[in-house]
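1. Everything below, folded, please.
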Amino acid sequence: MGQTYGKDKVDQRSTAQIFAELDVEKRGNLTLEELLHAAPSMVLLHSLPALYFLDKDKDGRYSLEEFTELLHYVQSEKRKVKQEVARNAGLREFLQRASEAGVVDSSVHGRNSFRRM
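-> The predicted structure follows:
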(Lines give C-alpha, C1' and ligand atoms only; values in the text may rest on other atoms or scores of the structure.)
Protein backbone atom coordinates (compact mmCIF):
# COMPACT_ATOMS: atom_id res chain seq x y z
CA MET A 1 0.00 0.00 0.00
CA GLY A 2 2.96 2.30 -0.42
CA GLN A 3 1.78 3.99 -3.60
CA THR A 4 -0.55 6.96 -3.36
CA TYR A 5 -3.07 8.30 -5.83
CA GLY A 6 -3.79 11.97 -6.31
CA LYS A 7 -6.70 13.48 -8.20
CA ASP A 8 -4.82 13.60 -11.50
CA LYS A 9 -3.91 9.93 -11.32
CA VAL A 10 -7.53 8.93 -10.62
CA ASP A 11 -8.69 11.06 -13.56
CA GLN A 12 -6.01 9.76 -15.94
CA ARG A 13 -6.16 6.08 -15.10
CA SER A 14 -8.95 3.61 -15.15
CA THR A 15 -10.60 2.55 -11.95
CA ALA A 16 -9.71 -1.04 -12.82
CA GLN A 17 -6.01 -0.19 -13.01
CA ILE A 18 -6.11 1.58 -9.65
CA PHE A 19 -8.07 -1.30 -8.12
CA ALA A 20 -5.52 -3.83 -9.45
CA GLU A 21 -2.64 -1.87 -7.93
CA LEU A 22 -4.38 -1.55 -4.57
CA ASP A 23 -5.26 -5.26 -4.59
CA VAL A 24 -1.65 -6.21 -3.86
CA GLU A 25 -2.58 -9.75 -2.77
CA LYS A 26 -4.62 -10.24 -5.99
CA ARG A 27 -7.70 -11.48 -4.12
CA GLY A 28 -10.12 -9.61 -6.38
CA ASN A 29 -11.34 -7.41 -3.55
CA LEU A 30 -10.16 -4.71 -1.18
CA THR A 31 -10.67 -4.77 2.55
CA LEU A 32 -11.94 -1.83 4.53
CA GLU A 33 -8.44 -1.42 5.97
CA GLU A 34 -6.92 -1.29 2.47
CA LEU A 35 -9.48 1.34 1.42
CA LEU A 36 -8.79 3.47 4.47
CA HIS A 37 -5.05 3.31 3.82
CA ALA A 38 -5.61 4.31 0.18
CA ALA A 39 -8.21 6.94 1.02
CA PRO A 40 -6.07 9.89 2.16
CA SER A 41 -4.26 10.18 -1.13
CA MET A 42 -7.40 9.61 -3.16
CA VAL A 43 -9.36 12.00 -0.96
CA LEU A 44 -12.04 9.43 -0.36
CA LEU A 45 -14.54 9.88 2.41
CA HIS A 46 -13.75 8.47 5.78
CA SER A 47 -17.39 7.94 6.36
CA LEU A 48 -18.20 4.53 7.72
CA PRO A 49 -21.90 4.87 6.84
CA ALA A 50 -21.06 5.56 3.17
CA LEU A 51 -18.57 2.68 3.13
CA TYR A 52 -21.19 0.43 4.71
CA PHE A 53 -23.92 1.27 2.21
CA LEU A 54 -21.60 0.98 -0.79
CA ASP A 55 -20.55 -2.54 0.33
CA LYS A 56 -23.49 -4.18 -1.41
CA ASP A 57 -23.09 -7.68 0.03
CA LYS A 58 -21.98 -6.39 3.47
CA ASP A 59 -18.95 -8.68 3.59
CA GLY A 60 -16.46 -5.97 4.55
CA ARG A 61 -14.68 -6.33 1.21
CA TYR A 62 -15.06 -4.22 -1.91
CA SER A 63 -15.20 -5.73 -5.37
CA LEU A 64 -14.15 -3.79 -8.44
CA GLU A 65 -17.81 -2.88 -9.01
CA GLU A 66 -18.22 -1.61 -5.43
CA PHE A 67 -14.90 0.25 -5.60
CA THR A 68 -15.98 1.92 -8.85
CA GLU A 69 -19.27 3.02 -7.29
CA LEU A 70 -17.38 4.34 -4.27
CA LEU A 71 -15.06 6.44 -6.44
CA HIS A 72 -17.98 7.82 -8.46
CA TYR A 73 -19.86 8.66 -5.26
CA VAL A 74 -16.85 10.42 -3.74
CA GLN A 75 -16.12 12.39 -6.91
CA SER A 76 -19.77 13.45 -7.11
CA GLU A 77 -19.76 14.59 -3.47
CA LYS A 78 -16.52 16.53 -3.98
CA ARG A 79 -18.05 18.34 -6.96
CA LYS A 80 -21.12 19.25 -4.90
CA VAL A 81 -18.98 20.62 -2.06
CA LYS A 82 -16.79 22.64 -4.45
CA GLN A 83 -19.88 24.08 -6.13
CA GLU A 84 -21.39 25.02 -2.78
CA VAL A 85 -18.15 26.60 -1.59
CA ALA A 86 -17.91 28.60 -4.83
CA ARG A 87 -21.52 29.73 -4.52
CA ASN A 88 -21.69 30.41 -0.78
CA ALA A 89 -19.50 33.25 0.50
CA GLY A 90 -20.55 32.58 4.09
CA LEU A 91 -19.35 28.99 3.86
CA ARG A 92 -16.04 30.11 2.34
CA GLU A 93 -15.59 32.59 5.20
CA PHE A 94 -16.47 29.93 7.77
CA LEU A 95 -13.98 27.45 6.28
CA GLN A 96 -11.29 30.14 6.20
CA ARG A 97 -11.87 30.97 9.88
CA ALA A 98 -11.85 27.28 10.77
CA SER A 99 -8.62 26.79 8.87
CA GLU A 100 -6.98 29.77 10.56
CA ALA A 101 -8.12 28.45 13.95
CA GLY A 102 -6.34 25.17 13.27
CA VAL A 103 -9.35 22.97 12.55
CA VAL A 104 -8.22 20.05 10.42
CA ASP A 105 -10.08 17.97 7.89
CA SER A 106 -9.83 14.42 9.26
CA SER A 107 -10.43 12.92 5.82
CA VAL A 108 -6.81 13.58 4.95
CA HIS A 109 -5.14 12.41 8.16
CA GLY A 110 -4.64 15.69 9.93
CA ARG A 111 -3.73 17.87 6.98
CA ASN A 112 -5.79 20.98 6.61
CA SER A 113 -7.45 20.63 3.24
CA PHE A 114 -9.96 23.48 3.65
CA ARG A 115 -7.42 25.77 1.99
CA ARG A 116 -7.64 23.74 -1.25
CA MET A 117 -11.23 24.87 -1.79
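2. so where's the protein uncertain?
-> The model of the chain has pLDDT under 70 over residues 1-13, 39-48, 105-117.
3. show me where it has helices.
-> Assigned by DSSP state H, the chain shows helices spanning 7-12, 15-22, 32-42, 48-54, 64-87, 89-100.
4. and those, which is most packed in?
-> Burial of the helices of the chain is given as mean neighbour count (mean count of other Cβ atoms under 10 Å); helix 32-42 ranks first at a mean of 17. Any C-beta I mention is one placed from the backbone N, CA and C, and that applies to glycine too.
5. ok, now how distant is Gln75 from Ser63?
-> Separation of Gln75 from Ser63 (Cβ to Cβ, to the nearest Å): 19 Å.
6. do the same with Thr15
-> From Thr15 over to Ser63 the distance is 12 Å, taken as Cβ to Cβ.
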